[in-house]
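Visitor: Below: sequence and its predicted model.
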Amino acid sequence: MLSLARILLAGLFAAFVLGGCSVRMAYSQLDWLVPWYLRDYVMLDAGQRNLLDRQLSARLDWHCRTHLAEYAATLREAQTTLAADRIGSSDLLPYLARGEGWWREILAALEDDAR
């Protein structure tokens with residue numbers, strides 16, 4: 001019988017693999033999706049919108065260069081983990097730690113942009 005951890009990891013992996021095209025499509029559209037989303041919360045004048053466009057473009061370029069290859073490598077590693085006969089919650093902790101680390105890096109970069 002499959003353990004809950006293995007089922008959850010398999011589901012996560014399947015979501016990334018099967019959703020790869022939609023993720024890639026959405027990721028490539030973030031340059032207009034983010035400003036569109038922000039419109040519901042703040043009004044930007046032309047200068048602010050230009051600044052947002054420049055900073056967002058630079059941040060997305062940075063993210064592609066620094067994180068996407070790591071995400072792909074982690075997914076390949078997760079696939080290997082899933083191939084094991086038994087996995088437990090301790091097998092998932094490295095993935096959680098990586099995700100939290102990536103989140104902190106992104107937040108720190110965005111905080112720098114806000115200054």
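Guide: Great, that's in hand. Small disclaimer: the values here were computed from a predicted structure and weren't measured.

Visitor: Helix or strand: which one has Arg86?
Guide: Under the criterion DSSP states H and E, no helix or strand holds Arg86.

Visitor: Quick check: it vs Gln48, distance?
Guide: Between Arg86 and Gln48 the distance is 54 Å, computed by Cβ to Cβ, to the nearest Å. The C-beta positions use only the backbone N, C-alpha and C, and glycine is treated the same way.

Visitor: What residues sit buried inside the helix or strand containing Leu96?
Guide: Leu96 is part of helix 89-114, with elements assigned from DSSP H and E. Within helix 89-114, the residues scored as buried using 16 or more other Cβ atoms under 10 Å are Asp91, Leu92, Tyr95, Trp102.

Visitor: repeat for stretch 37-57
Guide: Buried residues in stretch 37-57, counted by 16+ other Cβ under 10 Å: Leu52, Leu56.

Visitor: now the angle between helix 89-114 and the strand or helix carrying Ala69, please.
Guide: Assigned by DSSP H and E, Ala69 falls within helix 68-83. If you take axes from the mean of the first three to the mean of the last three Cα atoms, to 10 degrees, helix 68-83 sits at 170 degrees to helix 89-114.

Visitor: helices or strands next to helix 68-83 in the packing?
Guide: Under the contact criterion of 3 or more Cβ pairs under 8 Å, 6 or more residues apart in numbering; DSSP states H and E, helix 68-83 touches helix 4-18, helix 89-114.

Visitor: please redo it, this time with the cut-off set to 10 Å
Guide: Using 3 or more Cβ pairs under 10 Å, 6 or more residues apart in numbering; DSSP states H and E as the contact test, the elements touching helix 68-83 are helix 4-18, helix 20-27, helix 89-114.

Visitor: Any buried residues in it, and which?
Guide: For helix 68-83, the neighbour count (16+ other Cβ under 10 Å) marks Thr74, Ala78, Thr81, Leu82 as buried.

Visitor: nearest residue to the first one other than its sequence neighbours?
Guide: On the basis of Cβ to Cβ, 6 or more residues apart in numbering, the spatially nearest residue to Thr74 that is not a chain neighbour turns out to be Arg98, at 6.0 Å.

Visitor: That's all I had, so thanks and see you.
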